[in-house]
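Visitor: Below are the sequence and a predicted model; questions follow.
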Amino acid sequence: MTRTPVNVTVTGAAGQIGYALLFRIASGHLLGADVPVKLRLLEIPQGMKAAEGTAMELDDCAFPLLAGIDIFDDPNKGFEGANVALLVGARPRTAGMERGDLLAANGGIFKPQGQAINAHAADDIKVLVVGNPANTNALIAQASAPDVPAERFTAMTRLDHNRAISQLAAKTGAAVSDIKRLTIWGNHSATQYPDIFHAEIAGKNAAEVVGDQAWLADTFIPTVAKRGAAIIDARGASSAASAANAAIDHVHTWVNGTAEGDWTSMGIPSDGSYGVPAGLISSFPVTCKDGKYEIVQGLDVNEFSRARIDASVQELSEERDAVRELGLI
Ligand SMILES: NC(=O)C1=CN([C@@H]2O[C@H](COP(=O)(O)OP(=O)(O)OC[C@H]3O[C@@H](n4cnc5c(N)ncnc54)[C@H](O)[C@@H]3O)[C@@H](O)[C@H]2O)C=CC1
Ligand SMILES: O=C([O-])CC(=O)C(=O)O
């Protein structure tokens, strides 16, 4: 190991996504097979013992790229020197909780974490928020970190992106690797819009290959948008390994770039593109290069797509207004 290790902070390290994520980070899948990492695990006091158990297992793997593991229950220490931060730990919705209660509870997590990132993270910090509601949690953290460039705060819609590719491959019989340029727009919620109008299957327009508007509207979109609930129903617990995989994909693509001729989907602060109000953290088609992302510009948005993008963005605006009223941003 000649390179300086990259500090990767993971919150919610003792949770189910954490358990699926940490071993892949330590084995080089997050940043690259030649990049040593130091893990900084952040948990709440009740999660510390389980996080220590996971750290013992990480030790037992003897990963050549793992240069150290530290565990904290103080965000100010957890984010110290962090180059990459994966904000996974969040307050899940429990029976009787309204959306506003959930936003308030998560504000209590993401505001102090944003402040700690502002004060203690490395200058090149890149943040991915996984914990739900991911887009608005990312907005809270970003608003609490005024000294960090806003574009470093992103929310995960890569799981939706991967789900959509898989559904499209199953419908058309194409290989997953033949599907390019798919887009998730909007919120990581049931209002998200998986868009295949610009997608390609082995170089042909995906909407034309499918040629079935009813399937698109009545099967594909709801299947992708409600897949999280379907997994909970089937597994009795929310997606974990697939969410961890998507977090790995998101950061790997951000750092190492998109393939020529392809793009990915990321929840990012809007610059006003495609009529999405500036500042909202909304999912867009993006290309990545040299550790930076850019929104793909100039796509024609048809009426069908426009209505669905607008509905999801409207939900994001309402979530932003709710956290503003709570004084979280
Ligand atoms: N954006 C996406 O596509 C997806 C997001 N999710 C979300 O990811 C989050 C985590 O999911 P799981 O790992 O299954 O949950 P989990 O409940 O198994 O684990 C969450 C962990 O976070 C910890 N935690 C809570 N507050 C914390 C804080 N302030 N600081 C540090 N750690 C804290 C808990 O102690 C727990 O160990 C949930 O909000 C879930 O809804 C899940 C799947 C996909
Ligand atoms: O739906 C959930 O609670 C978990 C989630 O975000 C997903 O699987 O997309």
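Guide: Structure's in. What do you need? Ligands and ions are numbered 1, 2, ... in the order given.
Visitor: Thr4: how many residues sit nearby?
Guide: By other CB atoms under 10 Å, 11 other residues sit near Thr4. For glycine as for every other residue, the C-beta is placed from the backbone atoms N, C-alpha and C.
Visitor: again with the one 5 residues further on
Guide: In terms of burial, Thr9 registers 31 neighbours under the definition other CB under 10 Å.
Visitor: what comes into contact with stretch 302-318?
Guide: With contact meaning CB atoms under 8 Å, 6 or more residues apart in numbering, stretch 302-318 is reached by 135-136, 185-187, 189, 191-193, 195, 197, 217, 221, 274-277, 280-282, 301.
Visitor: From those, list just the buried residues.
Guide: Buried subset of the contacts of stretch 302-318 (neighbour count, 16 or more other CB atoms under 10 Å): 135-136, 185-187, 189, 191-193, 195, 197, 221, 274, 276, 280-282, 301.
Visitor: so of those residues, which ones are in strands?
Guide: Counting by DSSP state E, the buried ones among the contacts of stretch 302-318 place 185, 193, 195, 281-282 in strands.
Visitor: Report all helices and strands that the strand or helix carrying Ala67 contacts.
Guide: If you go by DSSP states H and E, Ala67 is part of strand 66-72. On a contact count with 3 or more CB pairs under 8 Å, 6 or more residues apart in numbering; DSSP states H and E, strand 66-72 meets strand 37-42, helix 48-60.
Visitor: so does it get close to ligand 1?
Guide: No. Against ligand 1, strand 66-72 shows no contacts by CB under 6 Å from any ligand atom, the least distance being 9.0 Å.
Visitor: One more: stretch 230-240?
Guide: Yes. Counting by CB under 6 Å from any ligand atom, contacts between stretch 230-240 and ligand 1 involve 238-240.
Visitor: What's the end-to-end length of that stretch?
Guide: From its first residue to its last, stretch 230-240 covers 13 Å (CA to CA, to the nearest Å).
Visitor: That stretch close to ligand 2?
Guide: Yes. Counting by CB under 6 Å from any ligand atom, ligand 2 has neighbours in stretch 230-240: 231, 238-239.
Visitor: and Ile221, what is it in contact with?
Guide: Neighbours of Ile221 in contact, by CB under 8 Å, 6+ apart: 193-194, 308.
Visitor: Dump these to JSON lines, plus distance to Asp101 and pLDDT.
Guide: Formatted as JSON lines, these follow (distance: CB to CB, whole Å; pLDDT from 0 to 100):
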{"residue": "Tyr193", "distance to Asp101": "27", "pLDDT": "98"}
{"residue": "Pro194", "distance to Asp101": "29", "pLDDT": "98"}
{"residue": "Arg308", "distance to Asp101": "28", "pLDDT": "98"}
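Visitor: returning to what we had before: any chance of CSV for the residues of stretch 230-240 next to ligand 1, columns pLDDT and secondary structure?
Guide: Listed next are those as CSV, based on pLDDT from 0 to 100; DSSP: H, G, I helix; E, B strand; the rest coil:
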residue, pLDDT, secondary structure
Ser238, 90, coil
Ser239, 94, coil
Ala240, 96, coil
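Visitor: By the neighbour-count criterion, which of those residues qualify as buried?
Guide: Neighbour-count burial (16+ other CB under 10 Å) applied to these gives 239-240.
Visitor: Just give the nearest non-adjacent residue to the one residue in the stretch 51-200 of the chain that gets nearest to ligand 1, would you?
Guide: Residue nearest to ligand 1 within the stretch 51-200 of the chain: Gly89 (2.7 Å; CB to the nearest ligand atom). Closest residue to Gly89 apart from its sequence neighbours, by CB to CB, 6 or more residues apart in numbering: Gly12 at 2.6 Å.
Visitor: ok, the one you found touching Val88?
Guide: Yes. With contact defined as CB atoms under 8 Å, Gly12 counts as touching Val88 (3.8 Å).
Visitor: Can you check which residues contact both of those two?
Guide: 18, 131.
Visitor: What is the most widely separated pair among the ones in strands among the buried ones among the contacts of stretch 302-318?
Guide: Asp195 and Ile281 (18.1 Å; CB to CB).
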